[in-house]
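> below are the sequence and a predicted model; questions follow.
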Amino acid sequence: MTGLMESFRKWRSRKAGPSRDEMASIFRAKYDHFKQLLGSNTELLNIITDMEDKLQGQRVFGMSYVRSQSARCVFHALRMIQSLNSLSANRYARLVPVLENLNGRIKDELEQRREAPLTDLVLPYAQIHRDMVDFVGGKSANLGEVLNRVHLPVAEGFAITTRAFDTFLAHNDLVDEINKFKMELDIDNPESIQTASEDIQRLIISAKIPTELDAAIGNAFTSMAQRLAEKGYTGHELRVSLRSSAIGEDSELSFAGQYLSLLNVPEHQLLQSYRYIVASLYTPRAISYRLNKGIRDEDVAMSVACLQMVESVASGVIYTRHPYHLHEDHIIISAVWGLGPYAVDGHITPDTYVVAKDPQNTLLETQISLKPVQLVSNPDGGLVEIEVDSEQRHVPCLQPDQIRTLARYATELENHYRCAQDIEWALDPTGQLLVLQTRPLRVQEVGPECVTELPPPVSGFTILAQGHAMAFPGVGSGPAFHVTHEEDLANFPDGAILVAKHSSPKYVLVMPKAQGIVTESGSVTGHMASLCREFQVPSVLDITGAMSAIPREMVITVDGFSGRVYQGRVEELLAQHIEREPFMKDSPVYQTLRRVADLIVPLHLLDPKAETFTPEYCQTLHDIMRFVHEKSYGEMFQISDLVSDVGAGSLKLKAPIPLDLFVIDLGGGTVELSEHARKVSPKQIVSAPFSAVLKGLLHKDLRMTQPRPVEFSGFFSVMREQMLANPHGAERFGDRSYAIISDKYLNFS
C-alpha cells in the first residue's frame, strides 16, 4: 500500500504546477468572474420580473423605461457571456453572435419612428381632410374634414404641419437634449416631472425658428388675410387663435386640456406663440398624461392650427350622446357667454340643454346656470375676464333656433364619423354658429344596471354634499384632500379624494392615484370630465360649497351614481365599485414593451440534458441567461481540479474533524490574518456558507478526533473508480480536502 501511494506522489511530482501566488491569482480571477456572472444573473431576473409586472398593464411606464431596461438586459447578458468565457477558456464564444442577433432585433423594435408623409410646412384648411392626421394632427385633420366633406362652417385658417415641427427640432438639435432630460425623469415624483418639464420647455422657447419656416408662416398669414378680405372682412387688425393639434390629439384618446391654445394673437407674436405651443408638449400634465396612457414620445408631434380669431358672443360644447348613460340617446349642449375656455376648464358651470334626436330636435331639458363672468379678447392681445351684466347672468346663452342648429350639426357629424362626437362651437357677432373642433366622444355604459331614477340615500350615513353633474359614475372612498393651488398636487396621497373649487385638466397629474374627485363647479362636457372618464375616476361636479362642507382628511365616500358625498366609508356602495381597466394595455408604449419582452422574457431552454441545450437554440435573453448559469457551475466545480496542485497558499484548518482540510480565502472569508499565518481556526472563519458547514461538522454527535478506519475492499473499489472513471482521479486520490471560500461563497472538494 505504501508503495502504491508513493507511486502516485512521484507521478504527480513530475508535473510542474503553478506557483502559490499564481494559483491564488487564478482562484481569485475565476471567483471574481463567477461572482460577476451571478450578479448579472440576479439583475436580469429582477428586470424580467419587473417587465412581467409592467405587462399586467396597471403600472405607469414610458419609453425611457423600455429603452433603459432593454439596454440593461443586453448589458447583463453580455457580461454573463464574457464571464463564462473567462471561466472556460472561451469555450462558449458561439453565444456572442446569438446575443448580437437578439440585440439587433430589440433595437429594431425600439427605433420605429414616425415619418412625416408630406413636405409642406403649412397648409390651408381647404386642402385638409381627416386622412392627413399624421401630417396636421387630429384637430386640424378633423376641421378640414368638417369644412370640405361635411360642409359645415369653420373659421378661416391654416395648419402648421408636423413637418414644420420636425424641421424646428432638427434645426436646433433638440431631440437628444430633450431625451437627456426625459431619461432623468422619476415618473412617480411630481416634482421630478415639474423639473424636467421646466428644463425642456426652456430649451424649446429659446430655440430659433428656421428661416424657411418663418417665411412659410408669414406667407400663410398673408394669404389668409387676403381670403378674408375677399369675403368682406373689414374688421380691426387680424388676430388669430393658435391651437395645439398634436398627433393623437382628438382621437380615441382626448388629450383634453393637456396642450396649450393661445387666443387673440397678433401677427408679430405668431412665431413666439408657436414656440409656446410646441413647448406645451412637455407641460407636467402633458408628460403625465402620455405616461399614463402609454404614448411613445416618438409618436408625438405638434402641428398647430392657426385660425381667425372668433369674437364669440357665446360658446360651448356638444356631446352627441350621453357619455355613460348610453340608453339615453340624446344630444347634450353646454354654453357660456364669451369665449370658449370657461366652457371646458371648469371655471364656471355652463348652461345645459338636452335635445332629442327626432326630426324636430325637441328640447327635452334646460338648466340655466349663474354665469357671473366671461372671457373676451383684450385689445392689447390675449384674453381678459370681465363681469357679465347682472341682467344677463341668468339668461340662456342660446335661442331655440340656435339650439336646433347646433343639434343638426351634431347629428350630421355623428352620422359622418359613425360614432359619438365631442364638439366645440362658437357663436360669432353676425349670428353664425361655427364648429371649432370635433373629436370622438369616449362613451361607456357604467354601473350595476341602467337606472333612470336617483337611488335612495344609504341609511345611517351623513350626506355632506349633493352634486348635479356626475363626470364618471362609480364609487370611491378615502380621505379628503383639498387642492387650492396647482402646487398642492405634488403632495397628493395615494388613495385620497380630491376636493377643489374648480374642475381642471391639471388634475390628470394625480388621477391614477385618486379614488374620486369632487368640485364646486364644472360640467360633464368639460375637459376634466373627459379625463375622469378616460381614467375611470368617480367624479361629482357642481357641488356648491363643497370645500367648506367636506373637512380636510375626513374619510368620505363619493357616489358617482347619485352625486352624493357621504361621511365615512360606505361599504354598501363600495360593493358596486368598478375595478379600473388596465389603463396601459393596448397603448403604444405597452405594445413596444410587449414586443421587446418577447425577445427577453420567455424561457425555452428547460432541460440541461437535452440535445437542444446549446447556444444555437437560445431564442431569448432568458435562454442565454439559463444556459450561462447552468454551465458556469460546471466550470466552477472544476476549480477543485486545480486545488490538488497547490501545496502552499492555503491555511490548514485546526479543528477536530476527520478531514485533512485546507482553506483558500478568496477575500472576506476569514478575519484578517497575519501574512505568515499557516493555520486557521473555526472561530476565524467568517464565510457564511463555510461557517454553516463547519457548524455541522463540529456537532458533538459527529465530532471525531481520529480518521475513520479504512475498509480495504471499499478503498480499492473507490480507488479503481477514481482512476478509471475520472481523468483526474489518479492524481487526486488520497489528497487533502480544500475549501475555497469568500464571505458568501464556498467550493468544497
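Right, received. Where do you want to start?

> can you give me the helices in the stretch 251-400 of the chain?
270-279, 284-293, 341-344, 400-417 (DSSP state H, counting those that start in this stretch).

> I'd like those as CSV, with distance to Ile47, mean neighbour count and mean pLDDT appended.
In short, each C-beta sits where N, CA and C put it, glycine included. Listed next are the helices of the stretch 251-400 of the chain as CSV, based on distance: least, C-beta to C-beta, whole Å; neighbours: other C-beta atoms under 10 Å; pLDDT from 0 to 100:
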stretch, distance to Ile47, mean neighbour count, mean pLDDT
helix 270-279, 34, 20, 95
helix 284-293, 19, 24, 78
helix 341-344, 42, 24, 81
helix 400-417, 43, 18, 94
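
> make TSV out of those helices and add distance to Asp32.
Listed next are the helices of the stretch 251-400 of the chain as TSV, based on distance: least, C-beta to C-beta, whole Å:
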stretch	distance to Asp32
helix 270-279	49
helix 284-293	40
helix 341-344	63
helix 400-417	65
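
> Val310: which of those is closest?
helix 341-344 (12.8 Å; C-beta to C-beta).

> so what touches the closest one?
If you take C-beta atoms under 8 Å, 6 or more residues apart in numbering as the criterion, helix 341-344 is touched by 256-257, 261, 263, 315-317, 334-336, 347-348, 350, 373-375, 383, 424, 525-527.

> could you give the number of residues near His482?
Close neighbours of His482, defined as other C-beta atoms under 10 Å, add up to 17.

> from the contacts of helix 341-344, which land in strands?
Among the contacts of helix 341-344, DSSP state E puts 261, 263, 315-317, 334-336, 373-375, 383, 424 in strands.

> separate out the buried members of those.
Buried subset of the ones in strands among the contacts of helix 341-344 (neighbour count, 16 or more other C-beta atoms under 10 Å): Ser261, Leu263, Ser315, Gly316, Val317, Ser334, Ala335, Val336, Gln374, Leu375, Leu383, Glu424.

> quick one: the strands in the stretch 51-200 of the chain?
122-124, 157-160 (DSSP state E, counting those that start in this stretch).

> now swap in the stretch 401-550 of the chain and tell me
Under DSSP E, counting those that start in this stretch, the stretch 401-550 of the chain gives strands at 421-427, 433-440, 463-466, 469-472, 475-483, 497-500, 516-519, 539-541.

> for Leu574, find the nearest of those strands.
Distance to Leu574, taken as C-beta to C-beta, is lowest for strand 475-483 among those, at 5.5 Å.

> packing partners of that closest one?
Counting contacts by 3 or more C-beta pairs under 8 Å, 6 or more residues apart in numbering; DSSP states H and E, strand 475-483 is packed against strand 497-500, strand 516-519, strand 555-559, helix 571-574.

> just name the most buried of the ones you listed.
Of all the helices and strands packed on strand 475-483, strand 516-519 carries the top mean neighbour count, a mean of 29, counting by mean count of other C-beta atoms under 10 Å.

> for it, name the packing helices and strands.
strand 475-483, strand 497-500, helix 527-535, strand 539-541, strand 555-559.

> any idea which of those has the lowest pLDDT on average?
Note on those: helix 527-535 shows the lowest mean pLDDT, a mean of 82.

> can I get that helix as PDB, trimmed to CA atoms?
The C-alpha trace of helix 527-535 is given here as PDB (Å, rounded to 0.1, in the frame of the first residue of the first chain):
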ATOM      1  CA  HIS A 527     -62.100  68.800 -20.200                       C
ATOM      2  CA  MET A 528     -61.600  67.400 -16.700                       C
ATOM      3  CA  ALA A 529     -64.800  65.300 -17.100                       C
ATOM      4  CA  SER A 530     -63.400  63.800 -20.300                       C
ATOM      5  CA  LEU A 531     -60.200  62.900 -18.400                       C
ATOM      6  CA  CYS A 532     -62.200  61.400 -15.500                       C
ATOM      7  CA  ARG A 533     -63.900  59.100 -17.900                       C
ATOM      8  CA  GLU A 534     -60.600  58.100 -19.500                       C
ATOM      9  CA  PHE A 535     -59.000  57.300 -16.100                       C
END
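
> flag every buried residue along it.
The neighbour-count check on helix 527-535 (16+ other C-beta under 10 Å) flags His527, Met528, Ala529, Ser530, Leu531, Cys532, Arg533, Glu534, Phe535 as buried.

> what about that helix, distance to the chain center?
The chain centroid and the centroid of helix 527-535 are separated by 18 Å, computed with C-alpha atoms, centre = their mean, to the nearest Å.

> tell me the domain ranges of the chain?
Domain assignment for the chain, taken from automatic domain parsing, gives 20-111+594-637, 122-308, 314-440, 463-569, 645-748.

> how long is the second one end to end?
Think domain 122-308. Domain 122-308 has an end-to-end distance of 15 Å (criterion: C-alpha to C-alpha, to the nearest Å).

> likewise the third one?
As for domain 314-440, its first-to-last residue distance stands at 23 Å under the measure C-alpha to C-alpha.
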